[in-house]
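[1] sequence first, then the predicted structure:
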Amino acid sequence: MYKVIHHQTKTSLSGITRFRRFFSGHYTTENLRMLTSAMDKKFIPKITVFHCINAFSQTSWSSVDGSEFEIKFIKLPCSSMVKDVFLLRAFEAGADAVVVLVCPEGQCRYVEGNIRAKKRVAWVQNLLDDIGIDGRRLSLSNIAAGDTAEATQIIDDAVKNMAELGPNPAA
Amino acid sequence: MSMNAQSRLQEILSKGEFAVTAECGPPRGATPEVVRKKGELLKGYVDAVNVTDNQTAIVRMSSIAACAHLLQMGLEPVMQMVTRDRNRIALQSDIMGAYSLGIKNILCLSGDHQSFGSQPDALNVFDIDSMNLIRTVQTMRDQGKDMSGFELNGPPRMFIGAAANPFADPFEYRVIRLAKKIDAGADFIQTQCIYNMDRFKEWMKMAREEGLTEKVHILGGVTPLKSAGMAKFMNNKVAGMDVPEPLIKRMAGVPKEKAIEEGINICLETIAQLRDIEGIHGVHIMAIEWEEIVGQIVESAGLTPRP
Amino acid sequence: MIVAEQKPLSEIKEIIAPYKKILILGCGTCVKTCFAGGEDEVAVLASALRLACKKDGKEIEIEKLTIERQCEDEFIRESAPAVSRSEGVLSLACGAGVQALARRFAKTPVLPGVNTTFIGVMESQGIFTEECSGCGNCRLDIFGGICPVTRCAKKLLNGPCGGSQNGKCEINPDTDCAWQLIIDRLKALGQMDNLRKYIPPKNWRTSLSGGPRKLVREDHII
C-alpha cells in the first residue's frame, strides 16, 4: 500500500506556498492547466520504486525539499527480476512514475542483472510512448550500495518530473 | 568462338581490330526522340551501343524497344538483359523477339537489386541467373533449342556477352567466374569501369595464365569522371567499384572548372594503357547520361574513324 | 523455427477496435523463442492494451491464454472454452497458427497479432536470421551448407554477383554475401571444385511458385 510522506517542518504552510514548493519548475500554460486541475484535486504523485536489495534497502523515507508524494517500494533480489510486465502493472495499479534502482555497471552481484534491467526499461519506455502515457514516467538509475543521498535525489527528481507530466492518464 | 553470328561487333573483334562500344540509357518515358538523339551523338564513333535494361532497377523504356529505335538509325545495338525482372519464359521470348527485329548482340546480367531502384516494393524474379542466361542463349543459337528442348522455328544467332568485375570480391574467385562464363557460352566480356589499373592488370594476368584471353574477347570498361565528388560517390556508394585514393586526390587537386578536363584526361590515359594490355580487344565507354562526351573521347584517343 | 515480430501497438489497437472482449492467445513454440507471442509477451500485450484503452476511455476486457502450439488441433481444442467467451481472438501465433484457429473457430473472428517473417535460427540471444525459404529441393550439400536460394538476395546459383564487396551484400552493408560465405566454406572443406561446376536453372515447381504445397503421409493416416 502507498505510504503518504509529509514535509517534516513545524511551520504551517498555506496551500499556495506548499504548491509553490512542490512545483519548482517554470510555469508554462500546460503546467498552469495541470496546476489548476491538480489544485482542484491536489495531485499527489504516486511513485513506485523497484530496487535491487543490493543497491538500496531503506524503507522509511523523507523528502529533501518538502514535496508531497506517495511511495511504494518493491524489493527484488536482483534488478534483472524487473520483468516488462511488472513495470506495466505498476502503471496499471496507479503509479504516475516508476523508478528502478540498480547497482552501478560492473558491480552487479549477478554480473549482468543491471544490464538486463537497463535493456528492459528502455523497451518499456518505448512501449509507454506507444501506449501514449509517456516513457519519461519510467526511469532507471545506477546507485552505489547504501548511497541514500543519491537515492533521495533520484526520487525527488522523479517527483519533480510529475509536475510537467501530470497524473498517469491511464490510472 | 561462335558460328554465323553475323554481328558487326563480332566481325570487328574477329578481325583483331580494337573495338569501341558505348552505352545508352533509355528514357524514363515513351519518347523515342531521346533515344534517337543519343544515337546521333554516338554514330560514327562506336562499333556497337549497349542499351541498358532498367538499370539500377529504375523503370525505363525497355531495352528491346530502345534497341529497335537505334537499329532504325543504322546503329548496332547490344541488348542488355537482366534476370531480375523476367522469368525464363519471358527472357527466351524476348531473345527471339529481339533477334527477329535485327538485334544481334546480347549482354547477359543478373541486374542490380530492386531495393536500389524506383520501385523497391516490387517482387523480384531471379528465376535464373546470368550464367544460366548465357548458357540459354548459347543453346538457342547453336542447337536451335529452347530451355525445354523444343526445336525453334528460327534460332536466334546472337553474339553473347557477359559482364566481369575485377573489382568485386572475392578477388581470387573472379577469374574462376570468368572461366565459368566462357564455358557457359560467353563470346565477349565487358568489364566494370576501371580506375584501379594495378588491380585490373593483376586480374588480366590471371586471366591470361588460365588461357582465357584466347577464348573470349575482353573489352575494358571506362567511365570519365566529372568531379572529385563523383569519384568519392562511386567509391563509397556504388557496389563493386574501386576508385583509388590517389585518383580522387588528383580530381580534387584541380580547380572546379578544370575537373571535367582532368576526368577526360584520366579516361584517355586508361584507354591508352588498355591498348597495351595483352588480351584486351576493345574499350567499353560508359558515359552515363553524358553521351555527348563519347565522340570527343574516341577522337582524342585516336580511335576514329571506325572501320 | 518460424520467426515473427509482434505488430506495432497502434496497428493492434486498430485491429481489435471493433471488439470489447478479446482473448489474447499465445503460442509456446516458435513465437515464444523469438519473443513475439509466448506467455510473457501475452501478459505484456494485455497490460499494454489495458493501459492504452484506459487512456483512450475505451472499454476492453482481456482474457489471456497460451497453448503449446497453434498449428495442431490437439492443442487448439484446449482453447475452445476461452474462445467461446470472447468476441474475437487476437492470436500471437505465426500465420499458420492463425489460420488453424480460423479453421476450427469458424464463428469467432481470428486476428493476427504478429507479422510472420521467415524460417530461421537464433544466431545468438536476441538475434534471428533467415536461413531457409522452403524451396522443396535442398542442395545444401553442393553449397557447403549455406543456402544461396535464401541467403543470396538474387538467388544466384552461380554466384557471386558483381556487387559483392568486403564479404557484404550490395543491398545492405550488414548483410553477409552468401557467396562469400560459400566460397570461404568450400575452401575450408577443400571443395573449391564445386565452384567451377555450372549449376543449371532451378526447378521451382517444388517451391511455393508451383502452388501451395501439401504433404500426405499415408503411412501415418489410419
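    Arrived safely.

[2] how many neighbouring residues does A:Val49 have?
    23 (other C-beta atoms under 10 Å in any protein chain shown). No exception for glycine: its C-beta is placed from N, CA and C like everyone else's.

[3] tell me the residues of chain C that contact chain A?
    By C-beta under 8 Å from any C-beta of the partner chain, the part of chain C that sits against chain A consists of C:8-10, C:40, C:43-44, C:47-48, C:50-52, C:54-56.

[4] one more pass at 6 Å, please.
    C:9, C:43-44, C:47-48, C:51-52, C:54-55 (C-beta under 6 Å from any C-beta of the partner chain).

[5] which among the residues you listed end up buried?
    If you count burial by 16 or more other C-beta atoms under 10 Å in any protein chain shown, the buried members of the residues of chain C next to chain A come out as C:9, C:43-44, C:47-48, C:51-52, C:54.

[6] which of those are close to chain B?
    Of these, not one also sits near chain B (C-beta under 6 Å from any C-beta).

[7] looking at these, which are in helices?
    Those of these mapping onto helices are C:9, C:43-44, C:47-48, C:51-52, C:54, per DSSP state H.

[8] nearest to B:Ser148 among those residues?
    C:Leu9 (51.6 Å; C-beta to C-beta).

[9] look at the nearest residue to that closest one once chain neighbours are set aside and report its pLDDT.
    With C-beta to C-beta, 6 or more residues apart in numbering or on different chains as the criterion, C:Leu9 has its nearest non-adjacent residue at 4.2 Å, and that residue is A:Asp130. On pLDDT, A:Asp130 comes in at 96.

[10] any residues touching stretch B:111-128, and which ones?
    The set of residues external to stretch B:111-128 that reach it, using C-beta atoms under 6 Å, 6 or more residues apart in numbering or on different chains, is B:56-59, B:82-88, C:153-155, C:171, C:201.

[11] which of these are buried?
    Buried members of the contacts of stretch B:111-128, counted by 16+ other C-beta under 10 Å: B:56-57, B:82-88, C:153-155, C:171, C:201.

[12] which single one of those is nearest to chain A?
    C:Ile171 (27.2 Å; C-beta to the nearest C-beta).

[13] these two touch, right, that closest one and C:Lys154?
    No. In this structure C:Ile171 lies outside contact range of C:Lys154 using C-beta atoms under 6 Å: 9.1 Å.

[14] and C:Lys64, which of the three is it?
    Secondary structure of C:Lys64, reduced to three states by DSSP: H, G, I helix; E, B strand; the rest coil: strand.

[15] residue contacts, C:Tyr19?
    C:87-88.

[16] can you give me the helices in the chain?
    In the absence of a named chain, chain A is used. A:15-22, A:29-41, A:84-92, A:113-131, A:148-165.

[17] meant chain C actually
    Along chain C, counting by DSSP H, helices occupy C:9-16, C:30-33, C:39-56, C:73-76, C:80-85, C:95-104, C:148-151, C:178-189.

[18] now do the domain split for chain C, please.
    C:2-118, C:133-208 (automatic domain parsing).

[19] and chain A, which of its residues are near chain C?
    With C-beta under 6 Å from any C-beta as the criterion, chain A meets chain C at residues A:84-85, A:88-89, A:91-92, A:127, A:130-133, A:169-170.

[20] got a markdown table for those, with distance to B:Pro170 and neighbour count too?
    Output for these, formatted as a markdown table (distance: C-beta to C-beta, whole Å; neighbours: other C-beta atoms under 10 Å in any protein chain shown):
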| residue | distance to B:Pro170 | neighbour count |
| --- | --- | --- |
| A:Asp84 | 44 | 19 |
| A:Val85 | 48 | 19 |
| A:Leu88 | 49 | 24 |
| A:Arg89 | 54 | 17 |
| A:Phe91 | 53 | 27 |
| A:Glu92 | 56 | 17 |
| A:Leu127 | 44 | 22 |
| A:Asp130 | 44 | 15 |
| A:Ile131 | 49 | 27 |
| A:Gly132 | 51 | 15 |
| A:Ile133 | 52 | 23 |
| A:Pro169 | 57 | 16 |
| A:Ala170 | 56 | 19 |
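
[21] max pairwise distance over the contacts of stretch B:111-128: which two?
    Longest span within the contacts of stretch B:111-128, C-beta to C-beta: B:Ile58 and C:Pro201, 26.7 Å.

[22] low pLDDT regions in chain A?
    By pLDDT under 70, the low-scoring segments of chain A are A:1-41, A:59-60, A:62-65.

[23] and chain C, which residues reach chain B?
    So chain C meets chain B at C:153-158, C:161-165, C:170-171, C:183, C:195, C:198, C:201 (C-beta under 6 Å from any C-beta).

[24] mind redoing it with 7 Å?
    C:153-158, C:161-167, C:170-171, C:180, C:183, C:195-196, C:198, C:200-201, C:204 (C-beta under 7 Å from any C-beta of the partner chain).

[25] buried among the residues you listed? Need that as a selection in ChimeraX.
    Applied in ChimeraX, the following selects the buried portion of the residues of chain C next to chain B according to 16+ other C-beta under 10 Å:
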select /C:153,154,155,156,157,158,161,162,163,164,165,167,170,171,180,183,195,201,204
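
[26] quick one: the nearest residue to B:Asn87 once chain neighbours are set aside from C:Leu65, how far?
    Closest residue in space to B:Asn87, ignoring its immediate chain neighbours: B:Asp127 at 3.9 Å, by C-beta to C-beta, 6+ apart. Applying C-beta to C-beta, to the nearest Å, the value for B:Asp127 to C:Leu65 is 44 Å.

[27] those two: which is more packed in?
    Neighbours per residue (other C-beta under 10 Å) separate B:Asp127 from C:Leu65, with B:Asp127 holding more: 20 against 17.

[28] could you pull out the buried residues of stretch B:253-262?
    B:254, B:259-260, B:262.

[29] start and end of that stretch, how far apart?
    10 Å (C-alpha to C-alpha, to the nearest Å).

[30] now find how far off-centre that stretch is within its chain.
    Here stretch B:253-262 is found 28 Å from its chain centre; the criterion is C-alpha atoms, centre = their mean, to the nearest Å.

[31] could you do stretch B:112-131 as well?
    19 Å.

[32] need the distance between the two termini of that stretch.
    Distance across stretch B:112-131, first residue to last, is 15 Å (C-alpha to C-alpha).

[33] mean confidence (pLDDT) on that stretch, please.
    96.

[34] what do you get for stretch B:97-108?
    On average, stretch B:97-108 scores 97.

[35] for it, list the C-alpha coordinates in CSV.
    C-alpha atoms of stretch B:97-108 as CSV (Å, rounded to 0.1, in the frame of the first residue of the first chain):
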residue,chain,number,x,y,z
GLY,B,97,11.8,-11.2,-80.4
ALA,B,98,15.0,-9.2,-80.3
TYR,B,99,16.7,-11.3,-83.0
SER,B,100,13.6,-11.1,-85.2
LEU,B,101,13.9,-7.3,-85.1
GLY,B,102,17.6,-7.4,-86.1
ILE,B,103,19.2,-7.2,-82.7
LYS,B,104,22.3,-9.4,-82.8
ASN,B,105,24.2,-8.8,-79.6
ILE,B,106,23.1,-9.5,-76.1
LEU,B,107,24.7,-8.9,-72.8
CYS,B,108,23.6,-11.2,-70.0
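
[36] near chain C at all, that stretch?
    No. Legend: contact between stretch B:97-108 and chain C by C-beta under 7 Å from any C-beta is lacking; minimum distance shown is 11.5 Å.

[37] okay, now B:Ala90: neighbour count?
    Here the number of neighbours of B:Ala90 (other C-beta under 10 Å) works out to 12.

[38] around chain C, pick out the residues from the stretch 151-300 of chain B.
    Checking the stretch 151-300 of chain B against chain C by C-beta under 7 Å from any C-beta, the hits are B:163, B:165, B:168-170, B:173, B:176, B:180, B:183-184, B:192, B:239-240.

[39] phi, psi for whichever residue of the stretch 101-250 of chain B sits closest to chain A please.
    Per C-beta to the nearest C-beta, B:Asp121 is where the stretch 101-250 of chain B lies closest to chain A, at 25.3 Å. Dihedral pair for B:Asp121: phi -80, psi -10, per degrees, to the nearest 10.
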